[in-house]
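*Asks:* The following comprises the amino acid sequence and a computationally predicted model.
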Amino acid sequence: MALLTPAALARLRAWGARLAATVAAAACLAAAPAPEEYQVKAVFLFNFTQFVEWPPEAFTDPTAPFVIGILGRDPFGSALDDAVRGEKVNGRPLVVRRYSRLSELKPCQILFIDRSARGEAQKALAAVDRQRTLTVSDFAPGAERDVVIRFLTEDNKIRLRVNVDSAREAGLTISSKLLRPSQVVGTSAPSAP
Amino acid sequence: MVLVTSGAVLLLTSASLFAYEFLTFRQESRQQLSTLGKAIAANSTAALAFDNVDEAEDVLRAFEADPHIVAAALYDVNGKLFAVYPKGIATADVPATASRSAAQFSFDGAYLVGFHPVVENARQLGTLYVRSDLAALNSRVRFYGGIVTLTILAAGLLAYVLSRQLQHRISQPILALAHTAGAVSEHRDYSVRAAPVNTSELDQLTNAFNHMLQQIQASEQRLRTQLGHLSLLQQITRATTDRQDLASIFDAVLRSLERDLPVEFGCILRRDPAGDVLLVHAAGPESRRWSEALQLTEGAALVVEQNGLAACLQGKLICEPDAGALQFPLFQRFAGAGFASVVVAPLMAESTLFGALIAARQRPDAFTSSDCEFLKQLTEHVALASQQAQLHNALQQAYDDLRHTQAAVMQQERLRALGQMASGIAHDINNAISPVALYTESLLEREQNLSDRARSYLTTIQRAIEDVAGTVARMREFYRPREELMTLTRVDLNRTVRQALELTHARWNDLPQQRGVMIELRTELSRQPAEVMVAEGEVRDALTNLIFNAVDAMPDGGTLTLRTRVLAGEGGDDAGRVLIEVGDTGIGMDETTRRRCLEPFFTTKGERGSGLGLAMVYGMIQRHSADLEIDSTPGKGSTFRLIFAAATHEVTGMTQRLPCAVVPQRLRILLVDDDPVLIRSLEDILTADGHHVTTANGGQAGIDAFAGASRSAVGFSVVITDLGMPHVDGRKVAAAVKSASPATPVILLTGWGHRLIAENDIPPHVDRVMNKPPRVSDLRATLAELTGGAGEARSPSLGVPA
């Protein structure tokens, strides 16, 4: 088979040119500033909606919006609002609700517990127990109850820790794809890699 | 050829297979890469979603399973490079950014590259880039190329070996067959055959070909035979068309059969009209040596029924392939003589058997159906030709008879017309010279004191008158019927011939010798007397005339032959015939002369001939109811044959002239005539004899005179009347005389005498007819006879004045 035809040679030269362009682009990427930590976490919060399955009874009615709640102080600024603006989950509009104290807490599908509400974490977890609420935090809430997903920071990178027992108790199904890049804990968790 | 064909087919097949494999493999590779990319993309969603490069690289490491994946990369949703594979690859090896687009894979030079979107729940989270080298494809291409080359080589080798074998087993016999076909069409020789081969299919082909050749050969053979038969038939037809007699037709047919069909024996039989018997008519020249053994010599008889030929009666052809198997004597004889095959073909005329053709061959079953058909056609033709020949002969005979009769009738008619004319002339001359003769005779007799000179003159006149009367009489001779008074005596013609020869001795012996010419006389007279009833003088005169003619026909000498023969009669009243032949070896006569030689005044002798000689002979023949035959060939001579009926009994002449006396006494004579000169001369003569003569000028005057005399009781003792007169002719005068006085004799005087007899018209009341000019002496004798006067006198003949 004649692979080295003049046309093939021309393609080789074009390939060389593209190689040079790619090298230049990589240099630009390395020089860009790292995004803010909560900007990333905000995107992650939204991304959870893609890898977790909520049963229909998680919503009060078929038209009820998909609610991402924030307990305590809002660390995201406008980042979370930017991330969810215009997005929908299974046809439901996505809204962000902020609960500054536990008493304000209302049923929601994702509940991010900020460090500021650390003291009320166990109560909050008890409040949404079996409410099909994906609980997320970036701290350890204590020994009694654990959130479903916890943000970890390793080597300046944000990683996920998923407690499958909490997820099962909350009545949520977490995609195996999400489990793959995450650190999984719980009785039903596979032996950690 | 086989090699090239199979090579081309193989090459084409391999090339298409190769192309198909190549395209399929490319498609498969793309599909494979796409599938792989899809799987990797699906697995890398979480890594992208949660910004986990390690995890992404981990996912990309799955490409290790395929060694041909040389590079891969993941880009985030913004198209920025996120992770690469293999780890540590220079980032320049992958595209710096990726566009958000649908999955697409394409061949780019030596690589297969593609992008695949990373999608989770319909949201694109990033893009996967994969680059695969084409080593697999190339190795596959090389592998297939090797296989194809090997296959072609092996197939070519196999094809070569097989074609060698097949060429030997298939092409050779077919080429041989083609060669045979070429030979057949070139030489038109259908007897050659293709050699057999071992292969069964080709063997069938060869057999079929040979069978076809055989058929063609047989057909051609049949055609040639038919053609031969046709041409033989035509040849025989042509041969027989020219022939009009049966013997010659049969001879031609048999010769052709022996020579050209051929047959070893051939003969033709004719049916005996009396019954169902076939008589051998003719055998072919070669076949005659068998005739004795087969008892088929000419004239031998075969009874149809006894010889198993009954089928021939119905017109059926008998074809016997084995003669010995039949019990009939004919076929047994054939078998005995060594002939196994016999064909009997009937000759039919109007559905009736009139003959048969027998053909035989020694070999058994030697006559094919084609031969038989030919013989059948031949016999049909021969039958037709025979019939035609018979018809032709009958027609020819009838025609000859008719022509002969017609000629005879014309001759008779012409002679009769001439005879009438001659009679008329004779009558007038006789009338004219009668007074001269009467007066001359009377003067010489009565005038005693005539001077010598006067007596001499009168004698000369009398001789001249007698010559004239003689000529006129001869002229009448040639057509004068037999007269009642003609004297027939029993005469031995041998004697008459001798007399005629003596009388003419000077003419055939002395005169020619004076001229130095020799005429040899040959007389062949019958040993037994040639007796006939004739007027001998007439026969002698006729013979004399014939001898003169014969001598005149031989101016340079020759042989004069006189022959008499007596032909025996066939019993009964027929007492046979007597012939006199007068032959010469002179100049002969041509056809015209021969036809006219009997006519009066026809002569070839110029001034010397009177043209009356043969006419007289003819008259004599007519009067004697005899026959005259004339054979003559110009330059060879002529033969005159007189044929008389032989004498049967002793009775002499029909009429015997009684001797009569001169009339001495005076008679009262009534003389009736319309010619005053004749009346006066007769009156003078009769008066001089002492008779009392009354004349009447014309018939009515005569009747009146006779009636007047009867009333006066001084009747006439004799009436002499002329025959031809105006108003009342001699017949009426005679009738009137006889009615008034039956005892009175009537003498009819006429120049027509013979004609009255010819027309059987002798008037019933006439006692005697006298010709003019009457001679005084005859007149006297007649008067004496009729009036019963006594006295011996001359006995002149009224018949023929000499």
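*Replies:* Great, that's in hand. Residues are numbered from 1 along each chain as shown, chains lettered A, B, ... in the order given.
*Asks:* quick one, what contacts B:Val84?
*Replies:* Going by Cβ atoms under 8 Å, 6 or more residues apart in numbering or on different chains, B:Val84 touches B:57, B:60, B:71-74, B:91, B:93-94. For glycine as for every other residue, the C-beta is placed from the backbone atoms N, C-alpha and C.
*Asks:* now, which of these sits nearest chain A?
*Replies:* Nearest to chain A among the contacts of B:Val84, counting by Cβ to the nearest Cβ, is B:Thr91 at 3.8 Å.
*Asks:* Any chance of the backbone angles for the closest one?
*Replies:* Backbone geometry at B:Thr91, expressed as degrees, to the nearest 10, gives phi -60, psi -20.
*Asks:* got it, and A:Asn90?
*Replies:* The phi and psi values for A:Asn90, taken as degrees, to the nearest 10, are phi 50, psi 40.
*Asks:* circling back: can you tell me which of the contacts of B:Val84 has the lowest confidence score?
*Replies:* Minimum pLDDT for those is recorded at B:Thr91 (74).
*Asks:* my read: it touches B:Leu81, true?
*Replies:* Yes: using Cβ atoms under 8 Å, B:Thr91 is in contact with B:Leu81, at 6.5 Å.
*Asks:* Which residue lies closest in space to the spatially most central residue of chain A, excluding its sequence neighbours?
*Replies:* By Cα atoms, centre = their mean, chain A has its centre lying nearest to A:Phe44, at 2.8 Å. Distances taken as Cβ to Cβ, 6 or more residues apart in numbering or on different chains place B:Phe50 nearest to A:Phe44, at 5.8 Å, with adjacent residues excluded.
*Asks:* which residues does the one you found contact?
*Replies:* Contacts of B:Phe50 (Cβ under 8 Å, 6+ apart): A:44, A:47, A:158, A:160, A:178, A:181-182.
*Asks:* which two of the residues you listed lie the greatest distance from each other?
*Replies:* Using Cβ to Cβ, the contacts of B:Phe50 span at most 14.1 Å, a distance reached by A:Ile158 and A:Leu178.
*Asks:* Give me the more crowded residue out of these two.
*Replies:* Taking neighbours as other Cβ atoms under 10 Å in any protein chain shown, A:Ile158 and A:Leu178 compare with A:Leu178 leading, 22 against 18.
*Asks:* pLDDT score for that one?
*Replies:* We have a pLDDT of 88 for A:Leu178.
*Asks:* what's the spacing between it and B:Ala49?
*Replies:* 8 Å (Cβ to Cβ, to the nearest Å).
*Asks:* and B:Ile433, what helix or strand is that in?
*Replies:* Taking DSSP states H and E as the criterion, B:Ile433 maps to helix B:369-446.
*Asks:* elements contacting that helix?
*Replies:* Counting contacts by 3 or more Cβ pairs under 8 Å, 6 or more residues apart in numbering or on different chains; DSSP states H and E, helix B:369-446 packs against helix B:200-241, helix B:246-260, strand B:341-349, strand B:352-361, helix B:452-477, helix B:676-688, helix B:753-758, helix B:776-787.
*Asks:* Could I get the average pLDDT for the third one?
*Replies:* The pLDDT scores in strand B:341-349 average 89.
*Asks:* again, but for the longest one
*Replies:* With pLDDT averaged residue by residue, helix B:200-241 scores 85.
*Asks:* Perfect, that will be all.
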